[in-house]
Structures are given as structure tokens and as C-alpha cells.
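Peer 1: sequence below, structure please.
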Amino acid sequence: MPATAETVRAFRDRLGLPGLVDVHTHFMPDQVMRKVWDYFDAAGPLTGTEWPITYRHEEEQRVGLLREFGVRAFTSMLYPHKPAMAAWLNAWAEEFAARTPDCLHTATFFPEEDAAAYVARAVESGARVFKAHLQVGGYDPNDVLLEQVWGLLAEARIPVVVHCGSGPAPAEYTGPGPVARLLARHPRLPLIVAHMGMPEYTDFLDLADRYPEVRLDTTMAFTDFSERFTGFPPGDLGRLAGLGDRILLGTDFPNIPYPYEHQLQALERLGLGDDWLRAVCHDNAARLFSLAG
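Peer 2: I've put the predicted structure just below:
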């Protein structure tokens, strides 16, 4: 059954939270989102398993559901899979953020000649977070065509959510190596590792230990669905507590094969305490994005 607002509200009320901040939600142009859903329906090679979309609704209803759940800020994670696509996606995302004030204005990029120019335009227009998908995009984050982009985002201190782990299937440039080389050149880059770096959890926790601007989002990690394939190492649970100020709630809404509240329940059953949950589900991201209240 899809999540009910009451279930999520009970979670928030128990913790005394003013709401949730979800840094990993997907909103895209309708024709792009439907192609993404078609890919999941076909169990494509990057998923390789049955993946029912729980919240296959029209855009307005999806936004309404997040509001019912008490998500006070969310993102429109979108990403190109080929050149000459990112600038168009950015234009759509700017318009979406303008009519959806609780969406953090999101943008993206791809290694191409004009990447630095359109990323600069997105920053000037108010982009607050970027998305990079090394698995779907199939590119090296160390591509020379992205060097100015990373430098600009590091200087502007704008977070980048990066799908760089090798889950659910490895690609040429996934894994900790490419990101480690990137951070060696841009140690102040505010990087958010999507999916906790699944399945290379330990390696990406190591990078977070080494670089204080590296954060991790919880997207799909610890859930029953993911634990069947790539269980989180029990020996690293203590490290989650130690990095509690740099772990952020992410869910992958609407493209999840279970109800929204399951991500919250998966975090709660880690047993890391209410203070940790408050920080992860609200306070860390509220501080990162300077959300009022």
C-alpha cells in the first residue's frame, strides 16, 4: 500500500520535526519521466530486476503527496544520458522550481564544450543543487570538459548529488576511484554521494572521513529491497553515527518499489537514536541549504 500522510506524520511528530527534507527526489519533463518508468518496467540492464514504481502519478499529484507527507523541501533530480540535453533539462527545472517553491532549484550537466557556460547560467539563475549520474551518463567525472564545472561549483559551494556507486549495476566510471581522483583536485567540493555509495559503502565512508565537505544520502539504503542485494556492512554502523552530521535523507521518490515511509522505517531500525534521525531527516539538509526555521 502507498504511504499514508498519517504514517509519516506520526514519524515526524515523534521526533518533533517541523518536516522532512528529502534531497533525492525526481521530477523531470513528462516525456523524460515516462521513458525512465518504461526502463524500470522493462527491468533494464542497469536495474536487472523487477522494479514496480509505487508513485506512478501525474506531476501535480506527486508534488501534493510530498506535501502531504510533510516534506518541506525536496529536489528535482534530473540528468542527461547524452550531449545537448542538459541545458534543456536545466531550463525545465528552473521553470519547475519557479512554480514549486518547496523544490530546491536543481540543475545538471554533461561533459561537453558548453557545460561550463550553462552551469554558470544555472548558478546565476539560482540553482541550489546539481545532479550528476555517472552510471546513466557513462562519463568520467575527471573529463577535462568538466574541470571548470567542478571548480565553479566548489567555489560557489553548491552541493552536487552524484550517483557514483556501482549499484544496482557497475558502469565504466562508477566506484570510488574516479570520485577520489576528483576530490584530490577539488577537496572543498560539496559532494553528496547518492545511495550511500551502494554497494561500495565502506569506500565512500572513507572518502567522507577524508573530506569534510563530502556527505552521503540515504536513498534506498538499508531498505528491505536493497538489503537483499547489497547489505550495508554491520561493522560500519558505528561510522554512520560518527558521520551523523553529514548524512542526508534521500528516497528516490517517486521511482521506488515500496511505500515512502519504508525508507524512514529502515533508518529508524538502525537503532542510532532520535538525535541522529532528526539530523538525517531534517537538520543536516536544513543547515546545508539554509532553510529558514
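Peer 1: the stretch 51-200 of the chain: helices as residue ranges?
Peer 2: Ranges of helices in the stretch 51-200 of the chain, per DSSP state H, counting those that start in this stretch, are 59-68, 86-99, 115-124, 134-137, 147-156, 176-185.
Peer 1: looking at those, which one is packed in the most?
Peer 2: Burial among those, expressed as mean neighbours by mean count of other C-beta atoms under 10 Å, is greatest for helix 134-137, which shows a mean of 20. Every C-beta, even on glycine, is put in place using the N, C-alpha and C of the backbone.
Peer 1: which residues touch that helix?
Peer 2: 46, 79-81, 110, 140-141, 162-164, 166, 169, 171, 173-174, 178 (C-beta atoms under 8 Å, 6 or more residues apart in numbering).
Peer 1: repeat the analysis, applying 10 Å as the threshold.
Peer 2: Contacts of helix 134-137 from elsewhere in the structure, counted by C-beta atoms under 10 Å, 6 or more residues apart in numbering, are 36, 39, 46, 79-82, 85-86, 108-111, 140-141, 162-175, 178-179, 194.
Peer 1: tell me where the stretch 151-293 of the chain has strands.
Peer 2: When secondary structure is read from DSSP state E, counting those that start in this stretch, the stretch 151-293 of the chain shows strands at 160-163, 191-193, 214-217, 247-248.
Peer 1: redo the ones you listed as JSON lines? Include distance to residue 98, mean pLDDT and mean neighbour count.
Peer 2: Shown next, in JSON lines, are these (distance: least, C-beta to C-beta, whole Å; pLDDT from 0 to 100; neighbours: other C-beta atoms under 10 Å):
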{"stretch": "strand 160-163", "distance to residue 98": "21", "mean pLDDT": "98", "mean neighbour count": "24"}
{"stretch": "strand 191-193", "distance to residue 98": "23", "mean pLDDT": "98", "mean neighbour count": "28"}
{"stretch": "strand 214-217", "distance to residue 98": "25", "mean pLDDT": "98", "mean neighbour count": "25"}
{"stretch": "strand 247-248", "distance to residue 98": "24", "mean pLDDT": "98", "mean neighbour count": "26"}
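Peer 1: among the ones you listed, which is nearest residue 97?
Peer 2: Evaluated with C-beta to C-beta, those place strand 160-163 nearest to residue 97, the distance being 15.3 Å.
Peer 1: roughly how far is that closest one from the heart of the chain?
Peer 2: Taking C-alpha atoms, centre = their mean, to the nearest Å, one finds the center of strand 160-163 at 6 Å from the center of the full chain.
Peer 1: partner strands of that strand and their direction?
Peer 2: Within its sheet, and counting by DSSP bridges, strand 160-163 is paired with strand 129-133 (parallel), strand 191-193 (parallel).
Peer 1: starting at the chain centroid, how far to the shortest one?
Peer 2: Just to be clear, that refers to strand 191-193. The chain centroid and the centroid of strand 191-193 are separated by 8 Å, computed with C-alpha atoms, centre = their mean.
Peer 1: ok so, going back, as a markdown table, the helices of the stretch 51-200 of the chain with mean pLDDT and distance to residue 255 would be great.
Peer 2: Output for the helices of the stretch 51-200 of the chain, formatted as a markdown table (pLDDT from 0 to 100; distance: least, C-beta to C-beta, whole Å):
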| stretch | mean pLDDT | distance to residue 255 |
| --- | --- | --- |
| helix 59-68 | 98 | 10 |
| helix 86-99 | 98 | 16 |
| helix 115-124 | 98 | 23 |
| helix 134-137 | 96 | 12 |
| helix 147-156 | 98 | 25 |
| helix 176-185 | 98 | 23 |
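Peer 1: what's the closest of those helices to residue 28?
Peer 2: Distances from residue 28 to each of these were compared using C-beta to C-beta; the minimum, 7.3 Å, belongs to helix 86-99.
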